[in-house]
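1. coordinates only, sequence not included:
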Ligand code: 48F
């Protein structure tokens, strides 16, 4: 029986890797921005792979605000919350929900719509082509190998669009900016100014070079925008916006 367990796991996992080796969209990071983007992209019929370095997903959602298990939104995000069937209470200018419910419902919608979320895998580089310059996929590695420090070459996922949704470090754009002439650097985010950060992070969401897009706090890092802490409307709006831009670009 034990050998059959092994075979069942490896065969089914391999089917997924073979299927997603060439994806429409690969998203690095399963935080609020990556999960929101993944759900909308999959709902629009795009073959979407979300790679998450950790073994759980949700990124910064789980920590709520200083471990208080709630996150807040401004009211413009009500339509998205309703779309994901996320319950909230209203208080003054805010909608407030449980951090666990946000993680569960964003990820459930991704999976139900057909996106594949694979945990324990990090994106450690991009694939590029020149004339014209474009990003055509990512290099990936088991997080356990990254942590071990062993020298193990990555494997590749080709994609028509790559989304950096890695959060505060904008890891994918940071790597690309060092190794490919994309003409962009990553200065990092500014100190907290929630009201401005919430708006600008959505405004600046989009494509940084052909094939490479940013969403969520990665946008703040790339464009030196203020951070906003445990208010998450900007993250959901950013994820939705990047999905709409990609869907339009890939038509
Ligand atoms: O950090 P994270 O939650 O980013 P986000 O979606 O949302 C930011 C908010 O949580 C919060 C905030 C909002 O006001 O300030 O911080 O922009 O989620 C990013 C996810 O990406 C994973 C990381 O483990 C986390 O779950 N990640 C980071 N680098 C990589 C990665 C990588 N190179 N490959 C794969 N996953």
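-> Sure, I can see it. Quick caveat: nothing in here was measured; it's all calculated off a predicted structure.
2. Just to check, residue 155 is in contact with residue 142?
-> No - with contact defined as CB atoms under 8 Å, residue 155 does not count as touching residue 142 (9.9 Å). Just so you know, the C-beta spots here come from the backbone N, C-alpha and C atoms, and that holds for glycine as well.
3. burial of the residue nearest to residue 62 when sequence neighbours are not counted, as a residue count?
-> Counting by CB to CB, 6 or more residues apart in numbering, the nearest residue to residue 62 once its immediate chain neighbours are dropped is residue 99, at 5.7 Å. If you count neighbours by other CB atoms under 10 Å, residue 99 ends up with 21.
4. ok, now how distant is residue 99 from the ligand?
-> With distances taken as CB to the nearest ligand atom, to the nearest Å, residue 99 is found 10 Å from the ligand.
5. just residue 9 next, same as before
-> Relative to the ligand, residue 9 is positioned 22 Å away (CB to the nearest ligand atom).
6. Looking at the chain, which helix is longest?
-> Criterion DSSP state H: the longest helix present in the chain is helix 2-20.
7. So which residues lie in contact with the helix or strand just after that helix, not counting its own?
-> Remark: after helix 2-20, the chain's next helix or strand is strand 22-28, criterion DSSP states H and E. If you take CB atoms under 8 Å, 6 or more residues apart in numbering as the criterion, strand 22-28 is touched by 20, 34, 37-38, 41, 46-51, 122-123, 137-138, 157-166, 171-172, 246, 250.
8. Does strand 22-28 reach the ligand?
-> Yes - on the criterion CB under 6 Å from any ligand atom, strand 22-28 is in touch with the ligand at residue 28.
9. tilt between that strand and helix 2-20?
-> 100 degrees (axes from the mean of the first three to the mean of the last three CA atoms, to 10 degrees).
10. So that it lines up with my notes, have the first residue be 70 from now on.
-> Done: numbering now begins at 70, and the last item shifts to strand 91-97.
11. what about strand 91-97, distance to the chain center?
-> Centroid separation for strand 91-97 versus its chain: 11 Å, with CA atoms, centre = their mean, to the nearest Å.
12. partners of it in the sheet?
-> Using DSSP bridges, strand 91-97 pairs in its sheet with strand 117-121 (parallel), strand 224-233 (parallel).
13. tell me the mean pLDDT over the longest one?
-> Mean per-residue pLDDT for strand 224-233: 98.
14. Name the next helix or strand following that strand along the chain.
-> Strand 224-233 is succeeded, C-terminally, by helix 240-248 (DSSP H and E).
15. I'd like to know which elements that next one is packed against.
-> Judged by 3 or more CB pairs under 8 Å, 6 or more residues apart in numbering; DSSP states H and E, the packing partners of helix 240-248 are strand 190-198, strand 224-233, strand 281-283, helix 286-292.
16. What helices and strands are in contact with the third one?
-> Read that as strand 281-283. strand 224-233, helix 240-248, strand 275-278, helix 302-318.
17. any residue of the first one up close to the ligand?
-> No - remark: strand 224-233 sits outside contact range of the ligand, by CB under 6 Å from any ligand atom, the gap being at least 8.5 Å.
18. Give me the buried positions along that strand.
-> Residues 226, 228, 229, 230, 231, 232, 233 are the ones in strand 224-233 that count as buried (16 or more other CB atoms under 10 Å).
19. Neighbours of the closest residue to the second one other than its chain neighbours, how many?
-> What that stands for is residue 228. Spatial nearest neighbour of residue 228, excluding adjacent residues (CB to CB, 6+ apart): residue 95 at 4.1 Å. Neighbour count of residue 95, defined by other CB under 10 Å: 27.
20. Give me the most central residue, the chain.
-> residue 103 (2.3 Å; CA atoms, centre = their mean).
21. Many thanks, I have nothing further to ask.
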